[in-house]
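Visitor: Turn this into a model:
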Amino acid sequence: MAKFEDYGLLAEKYYVEEQLSIRLISQKLSISEKTLARWQKNGNWENKRKDFLSSQYTCSAALQELVIHLAKDANEKIKMGEMPEASALNFIGKMAEKLPKIKAFDEMLINEKLNEEKNEKDMSKKVAIAIDKKLMGN
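Guide: Below is the predicted model:
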């Protein structure tokens with residue numbers, strides 16, 4: 001029987017950070033899905049996964065930081081009576097239009113990952129029920 005002390009942190013890392021399913025982790029570590037499901041529940045892996053996905057340094061966040069930095073720099077130059085570079089102003093203008101779309105795309109990717117996992121769980125439950133019915137003769 002697999003011990004949490006030996007494999008728990010690795011299994012959690014696979015689930016939370018690498019977004020692997022319980023089934024794949026089970027195959028990788030040769031630990032039963034039932035054991036992993038118990039660890040997942042006891043360790044609150046689902047919420048940890050959601051938090052991890054939400055806190056990822058997304059493309060939109062990086063781009064937003066860059067635009068803010070360039071805008072502050074341009075603003076400082078204007079205050080000092082200088083003209084900001086045209087390329088910086090063009091970049092700021094173009095990215096200001098695109099940021100909402102990029103942010104929406106990042107959010108869509110996060111939601112897709114969460115939905116994939118939910119669908120896989122639902123499918124696993126259906127398979128387990130079907131196997132149980134076959135074994136019980138129903």
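
Visitor: Please enumerate the strands of the protein.
Guide: Using DSSP state E, no strands are found in the chain.

Visitor: most remote residue from it's center?
Guide: Outermost residue of the chain with respect to the C-alpha centroid, by CA atoms, centre = their mean, is residue 81; its distance is 44.4 Å.

Visitor: outside of stretch 109-127, which residues touch it?
Guide: Contacts of stretch 109-127 from elsewhere in the structure, counted by CB atoms under 8 Å, 6 or more residues apart in numbering, are 19, 21-23, 33, 49-50, 53-54, 56. (C-beta placed from N, C-alpha, C; glycine too.)

Visitor: got a list of what the residue nearest to residue 74 when sequence neighbours are not counted touches?
Guide: Ranked by CB to CB, 6 or more residues apart in numbering and with sequence neighbours excluded, the top spatial neighbour of residue 74 is residue 84, at 3.7 Å. If you count contacts by CB under 8 Å, 6+ apart, residue 84 has them with 73-74, 77-78.

Visitor: Can you list the low-confidence ranges for the chain?
Guide: Applying pLDDT under 70 to the predicted model, the residue ranges of the chain that meet it are 1-2, 56-59, 117, 121-122, 124, 138.

Visitor: Geometric centre of it: which residue is closest?
Guide: Central residue check for the chain by CA atoms, centre = their mean: the C-alpha nearest the mean position is that of residue 53, 2.8 Å away.

Visitor: Return the residues in contact with that one.
Guide: Residue 53 makes contacts with 110, 113-114, as judged by CB under 8 Å, 6+ apart.

Visitor: try it again with 6 Å
Guide: Listed by CB atoms under 6 Å, 6 or more residues apart in numbering, the contact set of residue 53 reads residue 110.

Visitor: same deal with residue 15?
Guide: The contact partners of residue 15, taken as CB under 6 Å, 6+ apart, are residue 45.

Visitor: can you give me phi and psi for residue 81?
Guide: Dihedral angles of residue 81 (phi, psi; degrees, to the nearest 10) stand at phi 80, psi 10.

Visitor: check contacts around it.
Guide: Contacts for residue 81 (CB under 6 Å, 6+ apart) come out as none.

Visitor: One more: the one 4 residues further on?
Guide: When the contact criterion is CB under 6 Å, 6+ apart, residue 85 has no partners at all.
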